[in-house]
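> Can you look at this prediction? I've put the sequence above it.
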Amino acid sequence: MAVSTPNLEVMDVLIEKLAFVRGIAEDQLRVEIGEGGGDLEIDSKAGQAVAALVEIALDMEGAIKPEDQNRRNLTSLWSLEQLIRTRQAESDAVNDG
């Protein structure tokens with residue numbers, strides 16, 4: 001079951017995991033995001049790694065489908081966040097229904 005709590009923000013987890021993948025401090029990554037106007041382009045391979053780590057962190061293993069793993073979904077923090085929120089909502093709907 002996916003973790004959906006207001007205290008655990010998807011973007012915060014994304015930033016934490018991307019910083020880990022890049023081997024940099026979260027504060028440094030937040031500066032880059034600020035300089036990019038609130039979003040950050042990322043390499044699609046890094047996006048795949050981050051997506052997998054976020055799935056684990058949010059207890060959503062397997063939620064991101066093979067067809068989700070394309071450049072449109074994996075090459076910016078914003079697009080990754082939208083994908084994860086979509087999959088969380090689907091999971092919540094299945095669990096509630």
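Structure's in. What do you need? Source: prediction; values computed, not measured.
> helices or strands next to the helix or strand of the chain with the lowest mean pLDDT in the packing?
Sorting the helices and strands of the chain by mean pLDDT, DSSP states H and E puts helix 77-96 at the bottom, at a mean of 87. Packing partners of helix 77-96 (3 or more C-beta pairs under 8 Å, 6 or more residues apart in numbering; DSSP states H and E): helix 10-22, helix 44-57, helix 71-74. All C-beta atoms are positioned from the backbone trio N, CA, C, and that covers glycine.
> how about JSON lines for those, with mean neighbour count and mean pLDDT added?
Below are the helices and strands packed on helix 77-96 laid out as JSON lines (neighbours: other C-beta atoms under 10 Å; pLDDT from 0 to 100):
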{"stretch": "helix 10-22", "mean neighbour count": "18", "mean pLDDT": "96"}
{"stretch": "helix 44-57", "mean neighbour count": "17", "mean pLDDT": "94"}
{"stretch": "helix 71-74", "mean neighbour count": "16", "mean pLDDT": "90"}
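> pLDDT value on V3, please?
V3 is assigned 47 on the pLDDT scale.
> give me every residue that touches V13.
V54, A57, L58 (C-beta atoms under 8 Å, 6 or more residues apart in numbering).
> so L18 touches L74, yeah?
No: using C-beta atoms under 8 Å as the test, L18 is too far from L74 to be in contact (11.4 Å).
> any common contacting residues for the two?
Joint contacts of L18 and L74 (C-beta under 8 Å, 6+ apart) are I42.
> still on that earlier bit, got a list of contacts for the least confident helix or strand of the chain?
With C-beta under 8 Å, 6+ apart, helix 77-96 has contacts from 1-2, 4, 10-11, 14-15, 18, 33, 38-40, 42, 47, 50-51, 54, 58, 60, 63-64, 68, 72-74.
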